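Asker: give the three-dimensional model of this entry:
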Amino acid sequence: MRQIFVQCEKQGVTPADMISVLKELALTKGMRILFQTIRDSKDKIKVVIASDSNSWFIDVLLSHFEIKDIVDEVHTNPAEWNSNLLLLKRYTTNENCTRCPINMCKSEIVSNSATDDISAIIYVGDGSNDLCPVINLREKDIACPREGYSLSKKLDKVKVKCSVVKWSDAVRIVDYLNKCLNIS
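Answerer: Prediction:
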């Protein structure tokens, strides 16, 4: 990613240009319903973002989609602007997990974010780097891989302890979230 941002700077791309492009991203079908469901039950839900993206992108998107209020923690690569160059740093140095990239083990993030009062984890992901945390989920947890993406394909080939709920419309996640919260 660093090289992409260097090329963007050379091409004269500004932070405002990037914001404009990010704001054109569309939410996956059903996401607004999922966000509202989380907001309505926020006292029972902890939302943790573990992303190999960067803090600036995530902050722009959370603000644009007006969902900062539902997110409790963000774990990602720190980013800051130096003139028109977005500088990225590693989130951490992963020395323990061979399944994950050098800068982040999402399984470690999930483990550290889970507290004793959390009854179940509903893990939503789509990338290859989401496999490690899903493999480590418990029987009472639910993995929600996005259909057609690498995590979903990888889960077709491995056995996991947790339930797996594939989705293409986030309303499917809402249905399972409501069951976990005992809402009909």
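Asker: work out for me the element residue 131 sits within.
Answerer: Following DSSP states H and E, one finds residue 131 within helix 131-135.
Asker: let me know the average pLDDT across that helix.
Answerer: Per-residue pLDDT over helix 131-135 has a mean of 97.
Asker: just the CA trace of it, in PDB.
Answerer: Included here for helix 131-135 are C-alpha records, laid out as PDB according to Å, rounded to 0.1, in the frame of the first residue of the first chain:
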ATOM      1  CA  LEU A 131      -9.200 -17.000   8.600                       C
ATOM      2  CA  CYS A 132      -7.000 -17.000  11.700                       C
ATOM      3  CA  PRO A 133      -9.600 -15.400  14.100                       C
ATOM      4  CA  VAL A 134     -12.400 -17.600  12.700                       C
ATOM      5  CA  ILE A 135     -10.300 -20.800  13.300                       C
END
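Asker: i'd like the first residue to be 45 from this point on
Answerer: All set: I'll call the first residue 45, so the last point we hit is now helix 175-179.
Asker: now do that helix: everything it contacts.
Answerer: 94, 141, 143-144, 149-151, 153-154, 167, 169, 187, 189, 195, 198-199, 202, 204, 206, 208 (CB atoms under 8 Å, 6 or more residues apart in numbering). (Glycine included, C-beta is placed from N, CA and C.)
Asker: so where do the helices sit in the protein?
Answerer: 46-54, 59-66, 75-84, 99-108, 150-157, 175-179, 194-199, 215-224 (DSSP state H).
Asker: need the winner for burial among those.
Answerer: For the helices of the chain, the largest average neighbour count (mean count of other CB atoms under 10 Å) is found in helix 175-179, namely a mean of 22.
Asker: separation between residue 118 and residue 153?
Answerer: From residue 118 over to residue 153 the distance is 10 Å, taken as CB to CB, to the nearest Å.
Asker: now do the shared contacts for those two.
Answerer: Residues touching both residue 118 and residue 153 (CB under 8 Å, 6+ apart) are residue 92.
Asker: low pLDDT regions in this protein?
Answerer: 227-228 (pLDDT under 70).
Asker: hmm, 50 instead?
Answerer: The model of the chain has no residue with pLDDT under 50.
Asker: between the helices of the chain, which gets nearest to residue 131?
Answerer: Minimum separation from residue 131 across the helices of the chain (CB to CB) falls at helix 46-54, 7.7 Å.
Asker: show me what the closest one is packed up against.
Answerer: Helices and strands touching helix 46-54, by 3 or more CB pairs under 8 Å, 6 or more residues apart in numbering; DSSP states H and E, are strand 129-132.
Asker: 10 Å instead, please
Answerer: Here helix 46-54 touches helix 59-66, strand 123-126, strand 129-132, going by 3 or more CB pairs under 10 Å, 6 or more residues apart in numbering; DSSP states H and E.
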